[in-house]
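Colleague: everything below, folded, please.
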Amino acid sequence: MTMTDITKMAALLLALNLIVFSVYLLDKQAARQGGWRISERTLLILALIGGSLGAVAAQQILRHKTRKEPFRSILAAILILHGALATVLAFAPLWAPRLHLNF
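Modeller: The predicted structure follows:
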């Protein structure tokens, strides 16, 4: 993976997380005004597809769904899953030479 590929992936993840933050902001505004709400399922799916940092940032900064269970726990689990996945991907090049896979 080249540096250009890493930069593109980082830019896409940043854009996705900004979009997710914006969606949480819209839902928070709707909650305050009694308007149409975005389902918790949709909010969690957006976090799961890569927007977990934006979702957690919105939750903390906007104080949105901070007391709502099991939403809070599921979002935390998604964040942990993404952290584990990022760790595995970061260290995969180091582990590859040690894996002796003979097919």
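
Colleague: quick check: closest non-adjacent residue to Thr66.
Modeller: In this structure, Thr66 finds its nearest non-sequential neighbour in Gln59, 5.9 Å apart by CB to CB, 6 or more residues apart in numbering. Quick note: C-beta positions are derived from backbone N, CA and C, even for glycine.

Colleague: how many residues are close by the one you found?
Modeller: 22 (other CB atoms under 10 Å).

Colleague: check which helix or strand it maps to.
Modeller: Take DSSP states H and E as the rule and Gln59 turns out to sit in helix 52-62.

Colleague: center of the chain, which residue is that?
Modeller: Ser52 (1.7 Å; CA atoms, centre = their mean).

Colleague: residues contacting that residue?
Modeller: 17, 75, 78-79, 82 (CB atoms under 8 Å, 6 or more residues apart in numbering).

Colleague: at 7 Å what do you get?
Modeller: 78-79, 82 (CB atoms under 7 Å, 6 or more residues apart in numbering).

Colleague: now that we have the residues you listed, which one has the most neighbours?
Modeller: Ile78 (21 neighbours).

Colleague: returning to that earlier point: make a markdown table from the contacts of Ser52 and add distance to Leu43 to it.
Modeller: Rendered in a markdown table, the data for the contacts of Ser52 read as follows (distance: CB to CB, whole Å):
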| residue | distance to Leu43 |
| --- | --- |
| Ile78 | 11 |
| Leu79 | 13 |
| His82 | 15 |
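
Colleague: let's have those residues in TSV, adding pLDDT, secondary structure and distance to Ser22.
Modeller: Formatted as TSV, the contacts of Ser52 follow (pLDDT from 0 to 100; DSSP: H, G, I helix; E, B strand; the rest coil; distance: CB to CB, whole Å):
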residue	pLDDT	secondary structure	distance to Ser22
Ile78	98	helix	18
Leu79	97	helix	18
His82	97	helix	19
